[in-house]
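[1] Okay, sequence plus prediction incoming.
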Amino acid sequence: MSNRNVVAMSLGTGSTCLLILLAYYGWQAYLGDFFATIILGVLVFIGLLVWLSVHAERAIYEGLLKEQSRLKRQLEEFHLKTEKLEFDANLAMEQKRSISRELQTKDRILLRLASVLEANMKQQQLGLVDIQSQCPGAATEPLSQRAEQMQKYAQDLTVLAAMDLPEERAENEVVHFDRQVDWAVEQLGPVIEQFDVTVQIENGEEQILIQTQPRHLDNLLIRVLETVIRLTHKDNVIVQLISYMDADLGESVRLTVTSGGRGLTEIEQQELFDQYFALQIDGVDISPGLSPAIAKRLSLQLGGSLTVQSVFQQQTQLTLILPLHVKLEGDQDAANS
């Protein structure tokens, strides 16, 4: 309510009181003192109610003005906080992009260095082969083994450095997961022979199709299998494949690789997926090196998981779970019908 309205109502109230007094003296002449007093009391009561309502309305109006002013201040503060949050969010995103660019630059440098190291180790091995051919009695075997280890380490660094680079990412393709497992076992023939291991594949399904990055999948399968094979000696390695409905990933494939042999302690299981895992038995290096760490990162990059379960001196089992991300033709036909 404006001040003008308040003044108008006050003048109206005053005029009403004046008219009441005039009316009282007029009624007193005709009705007498008793009835005139009653009527006057009623009119005074009504006037009091009007006065109280005017002041109550004014108090309510002033309260509403204060509440409006308070809400306006809160709204302005909210806008200021929102603007600050947006600024902080944009700053954080820019810092994240900057850090990502810096990390990618470091990965590219590491990739180049690892490639150079790998090439040098190849040359080193070729040189050792030449020395051995020219001097059959030369003790080049330890140097050759060391050069081979360094070459593998350089290859692992190359994979690790290239993993997060945008230009190294490939498009997803539909591939036969079961066939890729067979291919990975064939590629590991020399390692299987070295550790005197028998690999047995158990797959009760005709085919398992998966939509993924084939190069990463091949790399992942080789490293999972090699890790278990290296922890096995003169024993069987059981490879089991099954497609199933995972509670989190939906249609998925599960690969379990189980072996007897040495097994891992609790501490070794915790350290298996660290950046480098070193292990020796009776002075013989059986280290999977960077393979478990790379396999773990690859499994996450492909939307899945990789876990280890092991009982020391009994068995080791790696479990790889990946989403299929593909609908078979039969499923599509069923959905359309």
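    Yep, that arrived.
[2] pLDDT averaged over stretch 160-172, what's the number?
    Stretch 160-172 shows a mean pLDDT of 69.
[3] With stretch 231-249 instead?
    88.
[4] Show me which residues of that stretch are buried.
    Buried positions in stretch 231-249, judged by neighbour count with 16 or more other C-beta atoms under 10 Å: 231, 232, 233, 235, 237, 238, 239, 240, 241, 243, 246, 249. Bear in mind the C-beta positions are built from the backbone N, C-alpha and C, glycine included.
[5] residue boundaries of the helices in the stretch 201-337 of the chain?
    Taking DSSP state H, counting those that start in this stretch, the helices of the stretch 201-337 of the chain run over residues 214-230, 266-271, 291-301, 329-336.
[6] want to throw the ones you listed into TSV with distance to residue 177?
    Below are these laid out as TSV (distance: least, C-beta to C-beta, whole Å):
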stretch	distance to residue 177
helix 214-230	8
helix 266-271	26
helix 291-301	13
helix 329-336	16
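[7] and the closest residue to residue 171 other than its chain neighbours, how many neighbours?
    On the basis of C-beta to C-beta, 6 or more residues apart in numbering, the spatially nearest residue to residue 171 that is not a chain neighbour turns out to be residue 213, at 7.6 Å. Residues contacting residue 213 under the criterion other C-beta atoms under 10 Å number 18.
[8] Hmm, residue 175 and residue 213 touching each other?
    No - distance between residue 213 and residue 175: 9.4 Å, which falls outside the contact criterion (C-beta atoms under 8 Å).
[9] quick one on the thing from earlier: among the buried residues of stretch 231-249, which lie within strands?
    When DSSP state E is applied, those are split such that 237, 238, 239, 240, 241, 243, 246 fall in strands.
[10] Name the nearest of these relative to residue 253.
    Of all these, the one with the least separation from residue 253 (C-beta to C-beta) is residue 243, at 5.0 Å.
[11] Identify the bridge partners of the closest one.
    Per DSSP bridges, residues listed as beta-bridge partners of residue 243: residue 253.
[12] quick one: it and residue 322 touch, right?
    No - the pair residue 243 and residue 322 does not pass the contact test of C-beta under 8 Å, sitting 10.1 Å apart.
[13] Make a markdown table from the helices of the stretch 201-337 of the chain and add distance to residue 72 and mean neighbour count to it.
    Putting the helices of the stretch 201-337 of the chain into a markdown table (distance: least, C-beta to C-beta, whole Å; neighbours: other C-beta atoms under 10 Å) gives the following:
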| stretch | distance to residue 72 | mean neighbour count |
| --- | --- | --- |
| helix 214-230 | 57 | 22 |
| helix 266-271 | 58 | 13 |
| helix 291-301 | 50 | 21 |
| helix 329-336 | 55 | 9 |
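[14] Which of those helices sits closest to residue 68?
    helix 291-301 (53.8 Å).
[15] returning to that earlier point: do you know how far the residue nearest to residue 171 is from residue 298?
    Note on residue 213: its distance to residue 298, by C-beta to C-beta, to the nearest Å, is 9 Å.
[16] ditto for residue 248
    On the measure of C-beta to C-beta, residue 248 and residue 298 end up 19 Å apart.
[17] Need the three-state assignment for residue 80.
    Secondary structure of residue 80, reduced to three states by DSSP: H, G, I helix; E, B strand; the rest coil: helix.
[18] who are the neighbours in contact with the residue nearest to residue 242 when sequence neighbours are not counted?
    Sequence neighbours aside, residue 254 is the residue nearest to residue 242 in space, at 5.3 Å (criterion: C-beta to C-beta, 6+ apart). Residues in contact with residue 254, defined by C-beta atoms under 8 Å, 6 or more residues apart in numbering, are 240, 241, 242, 243, 244, 246, 319, 320, 321.
[19] Test my guess that the fifth one contacts residue 252.
    The one in question is residue 244. Yes - under the criterion of C-beta under 8 Å, residue 244 lies in contact with residue 252, with a separation of 6.3 Å.
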